[in-house]
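**Student:** Provide a 3D model corresponding to the input given below.
(chains A and B)
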Amino acid sequence: MQDIQGRVWVFGDDIDTDVITPGIYLDAPMEETVKHVLEAVRPEFPAQFKRGDIIAAGSNFGCGSSRETAPEALKTMGVGAIIARSFARIFFRNAVALGIPVLQVERSPGCFSQGDIVRVDIENVEVLNLATGEVVGGIPLYEDILDIIRAGGIIPLMREKHTGLPGS
Amino acid sequence: MGATMAEKILGRASGRADAKAGDYVTARPDFVMSGESAAGVYMRMAEAGVDTVWDSERIILFLDHYSPAPNARSAGIQKMVREFARRFGITHFYGERAGICHQALPELGFAAPGRLILGTDSHTTTYGAFGCAGTGIGYAEMAYVFLTGELWLRVPETIKFVISGTPGKYAVGKDIILHIAGLFGTDAARYRSVEFHGPAAGALPLSSRMTMANMSVEIGAKFGLFPPDEAVFSFLKGRAKGTFEPVLPDQDASYEEVHEVDIEGLSPMVACPPRVDDVVPADGLEDVPIDQAYLGSCTNGRLDDLAAAAEILRGRKVHERVRLIVTPASYEVYREAIERGVIAAIVESGGCVCHPGCGACFGGHMGLLAAGETCVSSTNRNFVGRMGSPEARIFLANPYVVAASAVAGRIVHPDAL
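**Tutor:** As a prediction, the model looks like this:
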């Protein structure tokens, strides 16, 4: 898997999925939902987030509801990777299932400032902050989880399982 | 070394009797549950080109989040789920006629001790009240389960809470779990299983156990389990679907942490916005005037909860500035509440009783909040924007406090009336 490089958005602890995709837009099409992602805590986020940007958060990122719209909206917006000191369980699973590179790293978000360019290597469990030269390690992903992310999520794996044809 | 409930249940479900915390297993759930999010599952199946399900008798479907549909979009979502149920011949499709999934599924006898149930909703942990390991997953993973009947799961470490003491008047399971959140934080059980033990846990009615198992996810838990006892077995008599094998933890099971929680004299607690772990006693709050009081949800919409509110409301009126909105958690609850005069007491006090369902709890419909408004709610989350405007405030409390606050026009301990 290629290294992922992008501009970082810094968030604190306990960013919940209601804040990522508010319940009032749960029945809305994704193109509308993405206009409201994280707006309750960062009003500028939907307009200023660029494809390839990376999220660096504190502990328990994605806590709360199981709504898959939360990682899906971030994926639709083109998130390069999500790194956090820890993830809430369901958000972590959903992000993996959608093929979003996720990594649990130490000293996040402390080692990152808003707008820093960082390089994320989820296989070698390493995040390099190009702005400061600092390298942050983390917790290796279970091999099967890495495989799901490498495949682009669980949908291509399902297609393969169902049809016998390679997923894409 | 003995095994925890999570280790035993996942061991059986994965055919790996020696499964230990930290292992990754491929587990086969006994049942899977979905609501309107089944429309999302259906779309993921379509993306993958999948047109079969592994077992149409193990999929349980409800329409609880948007019933009755408030707009054309949510009606469209419900239509998709109905089509899905027809197309795949889903045996256990209950539509809008059962109530909230987490109340109705146990009532229908699916949540039996020792089982593993996966649901596309975070509060699937509720089934832990019955010694049944329930946990939430997303649509894509559920699509995978619908196709294959299996999913990778990490066997979690377990945190044991040993609860002792007798709570004070008007304090129930809601207050115990809020107290635990306040003591240990919303990150305390992240990716862990929780077991509730001790004399006070065993003395709790099932309604309170369900609230605590339900809100275990608010401290991050994958499962929130009570060892099953006579109360569970007698509830399931005549209800249980199929046979089941109860599981108890071994005496020498290995726990990551053990916490003694003393609830002697515990007061009704309130979680202040926007954190479930910012908890204070109801009578320790500054003056908090309210615009809305909300009683319902999979957390506190049961018969005991509605009856608690009616006990407070009888002979009183809801404050003229306040709207009290009540959604029974299920039709079984609704029917019994009618028979016992509970609904009449709520309506006579000025409360508005809505159709059983998730309603305003997740910000869907039937009681949303405007900017600048304050709500005291028996639900599970007080996050920013959870029940409508991001500029509204939600205080979480038990049904007694919700009802008493509806009367007082501000958040109060029932003794203050």
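
**Student:** the helices in the chain, which residues?
**Tutor:** Here I'm looking at chain A. Remark: helices assigned in chain A by DSSP state H are A:17-20, A:30-33, A:45-48, A:69-76, A:89-97, A:143-151, A:154-163.

**Student:** ah, I was thinking of chain B
**Tutor:** B:5-14, B:38-47, B:72-87, B:101-107, B:139-148, B:173-184, B:199-202, B:206-215, B:230-236, B:297-300, B:303-313, B:331-339, B:342-348, B:399-408.

**Student:** would you turn the ones you listed into a markdown table with mean pLDDT and distance to A:Asp18?
**Tutor:** Yep, even glycine has a C-beta here, placed from its N, CA and C like the rest. A markdown table is the format used below for those (pLDDT from 0 to 100; distance: least, C-beta to C-beta, whole Å):
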| stretch | mean pLDDT | distance to A:Asp18 |
| --- | --- | --- |
| helix B:5-14 | 98 | 27 |
| helix B:38-47 | 96 | 17 |
| helix B:72-87 | 97 | 18 |
| helix B:101-107 | 98 | 18 |
| helix B:139-148 | 96 | 17 |
| helix B:173-184 | 98 | 17 |
| helix B:199-202 | 97 | 29 |
| helix B:206-215 | 98 | 15 |
| helix B:230-236 | 98 | 32 |
| helix B:297-300 | 98 | 14 |
| helix B:303-313 | 98 | 23 |
| helix B:331-339 | 98 | 26 |
| helix B:342-348 | 98 | 28 |
| helix B:399-408 | 98 | 20 |
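
**Student:** of all those, which one is nearest A:Glu31?
**Tutor:** helix B:72-87 (13.2 Å; C-beta to C-beta).

**Student:** picking that back up, for the helices of chain B, give me a markdown table that also has distance to B:Pro414 and mean neighbour count.
**Tutor:** Below are the helices of chain B laid out as a markdown table (distance: least, C-beta to C-beta, whole Å; neighbours: other C-beta atoms under 10 Å in any protein chain shown):
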| stretch | distance to B:Pro414 | mean neighbour count |
| --- | --- | --- |
| helix B:5-14 | 35 | 24 |
| helix B:38-47 | 40 | 22 |
| helix B:72-87 | 36 | 16 |
| helix B:101-107 | 24 | 26 |
| helix B:139-148 | 41 | 25 |
| helix B:173-184 | 12 | 24 |
| helix B:199-202 | 21 | 17 |
| helix B:206-215 | 17 | 28 |
| helix B:230-236 | 26 | 15 |
| helix B:297-300 | 15 | 30 |
| helix B:303-313 | 6 | 24 |
| helix B:331-339 | 19 | 18 |
| helix B:342-348 | 15 | 19 |
| helix B:399-408 | 4 | 29 |
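
**Student:** out of these, which is closest to B:Ala253?
**Tutor:** helix B:5-14 (7.5 Å).

**Student:** poorly predicted segments of chain A, please.
**Tutor:** A:164-168 (pLDDT under 70).

**Student:** what are the ranges of the strands in it?
**Tutor:** A:4-10, A:54-57, A:81-84, A:102-105, A:117-121, A:126-129, A:135-139 (DSSP state E).

**Student:** nearest to B:Val376, out of those?
**Tutor:** Of the strands of chain A, the one closest to B:Val376 (C-beta to C-beta) turns out to be strand A:54-57, at 30.2 Å.

**Student:** partner strands of that closest one and their direction?
**Tutor:** Paired neighbours of strand A:54-57 in the sheet (DSSP bridges): strand A:4-10 (parallel), strand A:81-84 (parallel).

**Student:** B:Gly40: which of those strands is closest?
**Tutor:** When the strands paired with strand A:54-57 are ranked by proximity to B:Gly40 (C-beta to C-beta), strand A:81-84 comes first, at 20.2 Å.
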